[in-house]
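>>> Here is my input; please provide its structure:
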Amino acid sequence: MSITSGEIALVLEEAAGALDGAFVHKVYQTGAFEWILETRQGEERMWLLISLSARNGRIHLLQKAPEDTLPLEGFARTLKKTVVRKKILSIRQMGEDRVVHITLGGAGGETTLAVEIMGTAGNIYLFDYDGKVGAKALPRKSRNEPGAIYVLPETRKSAGPAHASQEMKPVSGARFPYNLAMERRCEGPAMEEKLGDAKSMILSPMRAELKKMEKLRKKLAGEMTTLQGYEACRKLGDLLKSNYHSIVKGATMVEVDDLFSPEMGKITIPLDPAKGPEKNAEAYYKKHRKFEKGGLRIAQELASLESKEAPIRKRMEEVNSAETLADLVPFLPQGDDAAKPAKNQRTKGGKKEKAAAQYSGPRRFISSEGHTILVGRNDQENDEITFRIANGRDLWLHARDYPGSHVVARLPKGVEPTARTIQEAAMIALKYSKAAKAGKGEVTWCLAKHIKKPKGAPAGKVLVHGAKSVSVRIDEEAIKGMKVK
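Residues are numbered from 1 along each chain as shown. Now for the predicted structure:
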């Protein structure tokens, strides 16, 4: 159940005093509709959760930092650029509505985060001191598009403070009794919702792909049934060739001895009266050639379908068995079209801020053994897949002695990397490096837990411990076959 306006009043009454004057230190994304601001004031850290979930929308403090996070995408990246290192000047409920304004100050001027927790119509807007909207969280149609002046929504009170107090009982003895009560009430349902929504989003295109494959399979089966009717046409052509003298001009059929039958019985062969004996025989040979070539083509297409279907079903099993959002990160679609900054918004350096929707995410491949292989497109993504996405048991690779992408092969718990997986991932690592022109080379590999980030090192720079190397040759067709489109 989403938070009511009355519950917002109770939660903010506790949280506002603790958050006033704190600096935003970090931004987390913990779901498609959920973000967390980590604040610091002196030695104290606090975490403010904001959710736009239609079923579990809410805003409240958390007891500790989130453990299950996702890579920052879209609005989360814009939010990070805009609010990190800024000071919270105020956090207040607007009227008695489910709208909260968080005003921050710092370099670049004053910024307000307008949080509207209104079910499927909810959204978050960033606007400046003059009220001009710079970005919005979700690509929902609204009155507050980037570039426009922010306007409060029409009042949609859901409950007064007294009613909220009856619904949500404060946790006795807690520092923030109503915030803790809200956290406990929503923790289970929200996680179940986020996991279910993420799985549905990931599985939907997979199911659609399998449906297309099944449709193609039925079409091919129909074609094969037709072609199988041509299997005996070569025999009919041979019999006509042996009996040209028996064929009367303009006949629609001819009866001849079946030379291919042990009983040597009679067989009737249909004819095209507009064609001569030779043309009729050639027509039967042509149909038999269709059977031979078409049958081979269909067999190859069916085998190709089978090889493509197997890894999809394997990925679907992995998605369905995922227990946390972190397990789903490799399967999540990268990039979104949410949260574009206003057209003329400029960063501190004076350059136009790029839309967060341009984030495309790492390249994805599926090995022949069904393992997801991620390839960073730039230094930032290299760091992301190496230090945020990869588990310690995953395989990490990089072209030896050449600049190139970090490559991570995701491995299920308890599964050791096989020689085949190492070879395929190494081939991809070589392909996306400066050594690719040579077509062959050495690739360094190790488990991700042996990769360290030197203190103060720029993005993409790592230290590798206990690495091994493998020689590979680039096979463009094999790489193309593994690429996820």
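>>> Where do the helices of the stretch 301-450 of the chain begin and end?
Counting by DSSP state H, counting those that start in this stretch, the segments of the stretch 301-450 of the chain that form helices are 325-328, 379-383, 419-431.
>>> G481: how many residues sit nearby?
G481 has 14 neighbouring residues, counting by other CB atoms under 10 Å. Where you see a C-beta, it was placed from the backbone N, CA and C, and this is true even at glycine.
>>> in what helix or strand does it lie?
helix 476-482 (DSSP states H and E).
>>> Mind giving me the packing neighbours of that helix?
Contact here means 3 or more CB pairs under 8 Å, 6 or more residues apart in numbering; DSSP states H and E; on that basis helix 476-482 packs against strand 363-366, helix 419-431.
>>> Can you list the buried residues in the last one?
If I follow you right, that is helix 419-431. By neighbour count on 16 or more other CB atoms under 10 Å, the buried set for helix 419-431 is T421, I422, Q423, E424, A425, A426, M427, I428, A429, L430, K431.
>>> just those now: which is nearest K211?
E424 (28.2 Å; CB to CB).
>>> Contacts only, for that closest one.
S367, S368, I373, A478, M482 (CB atoms under 8 Å, 6 or more residues apart in numbering).
>>> Just the pLDDT for it.
At E424, the model reports a pLDDT of 95.
>>> How much space separates it from G119?
Here the criterion is CB to CB, to the nearest Å. By it, E424 lies 46 Å from G119.
>>> before we move on, back to that, what is the rounded mean pLDDT of the helix holding G481?
Confidence over helix 476-482 (mean pLDDT, whole number) is 90.
>>> Send me that helix as CSV with only the CA atoms.
What follows is helix 476-482 as a C-alpha-only set of coordinates in CSV (Å, rounded to 0.1, in the frame of the first residue of the first chain):
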residue,chain,number,x,y,z
GLU,A,476,34.0,-12.8,-36.6
GLU,A,477,31.2,-15.2,-37.3
ALA,A,478,31.4,-16.8,-33.9
ILE,A,479,31.3,-13.3,-32.2
LYS,A,480,28.4,-12.3,-34.4
GLY,A,481,26.5,-15.4,-33.4
MET,A,482,27.0,-14.7,-29.6
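>>> in it, what counts as buried?
Result for helix 476-482 [16+ other CB under 10 Å]: buried residues I479, M482.
>>> what comes into contact with it?
So helix 476-482 is in contact with F365, I366, S367, S368, I373, E424, M427, I428, K431, going by CB under 8 Å, 6+ apart.
>>> got any ranges where this protein has weak pLDDT?
The chain contains residues with pLDDT under 70 at 155-167, 332-360, 485.
>>> re the thing from before, out of the helices of the stretch 301-450 of the chain, nearest to D258?
helix 419-431 (53.0 Å).
>>> roughly how far out does the closest one sit from the chain middle?
Its chain's average C-alpha position is 22 Å from that of helix 419-431, according to CA atoms, centre = their mean, to the nearest Å.
>>> Could you pick out the longest helix of the chain?
helix 177-228 (DSSP state H).
>>> That one - contacts with which helices or strands?
helix 5-19, strand 23-31, strand 44-51, strand 58-62, helix 277-321, helix 325-328.
>>> Distance-wise, check the closest residue to D383 other than its chain neighbours relative to Q300.
Leaving out its chain neighbours, the residue that sits closest to D383 by CB to CB, 6 or more residues apart in numbering is A459, at 4.8 Å. Distance, A459 to Q300, by CB to CB: 45 Å.
>>> L70 too?
40 Å.
>>> Have a look at these two and say which one is more surrounded.
Neighbours were counted for L70 and for Q300 using other CB under 10 Å; L70 has more, 22 against 10.
>>> if you skip the residues just before and after it, what's nearest to that one?
Nearest in space to L70, with sequence neighbours left out and distances taken as CB to CB, 6+ apart, is Q29 at 4.8 Å.
>>> Thought A76 was touching the one you found, still the case?
Yes - look at Q29 against A76 with CB atoms under 8 Å: they come within range, at 4.1 Å.
>>> Find the residues that touch each one of those two.
Once CB under 8 Å, 6+ apart is applied, the residues that Q29 and A76 both contact turn out to be W35.
>>> more neighbours, the two?
Legend: neighbour count by other CB under 10 Å for Q29 and A76, higher for A76 (25 against 22).
>>> check contacts around that one.
Listed by CB under 8 Å, 6+ apart, the contact set of A76 reads V27, Y28, Q29, W35, A356.
>>> count of residues packed around the residue lying closest to E381 once chain neighbours are set aside?
With CB to CB, 6+ apart as the criterion, E381 has its nearest non-adjacent residue at 5.2 Å, and that residue is P362. By the criterion of other CB under 10 Å, P362 has 23 neighbours.
>>> from memory P362 sits against I373, does it?
No - assessed by CB under 8 Å, P362 is found out of contact with I373, at 9.4 Å.
>>> ok, now how distant is the residue lying closest to E309 once chain neighbours are set aside from V99?
Excluding the flanking residues, the one nearest E309 by CB to CB, 6+ apart is M213, at 5.6 Å. Distance, M213 to V99, using CB to CB: 47 Å.
>>> same deal with E73?
25 Å.
>>> Quick one: neighbours of K453, just the number.
For K453, the count of nearby residues is 13 (other CB under 10 Å).
>>> again, but for V319
For V319, using other CB under 10 Å, the count is 20.
>>> My read is that V115 contacts M94, right?
No - using CB under 8 Å as the test, V115 is too far from M94 to be in contact (9.6 Å).
>>> Find the residues that touch each one of the two.
V100, H101.
>>> care to break this protein down by domain?
Annotated domains of the chain cover 5-197, 229-310, 361-482 [automatic domain parsing].
>>> Which one, of the ones you listed, ends up nearest to F331?
domain 361-482 (7.2 Å).
>>> For the closest residue to P417 other than its chain neighbours, list each beta-bridge partner.
What sits nearest to P417 in space, not counting adjacent residues and going by CB to CB, 6+ apart, is L395, at 4.7 Å. Assessed by DSSP bridges, L395 has beta-bridge partners A409, L447.
>>> surely E73 meets A32?
No - counting by CB under 8 Å, E73 stays clear of A32, with 9.3 Å between them.
>>> between the two, what contacts are shared?
Shared contacts of E73 and A32, defined by CB under 8 Å, 6+ apart, are absent.
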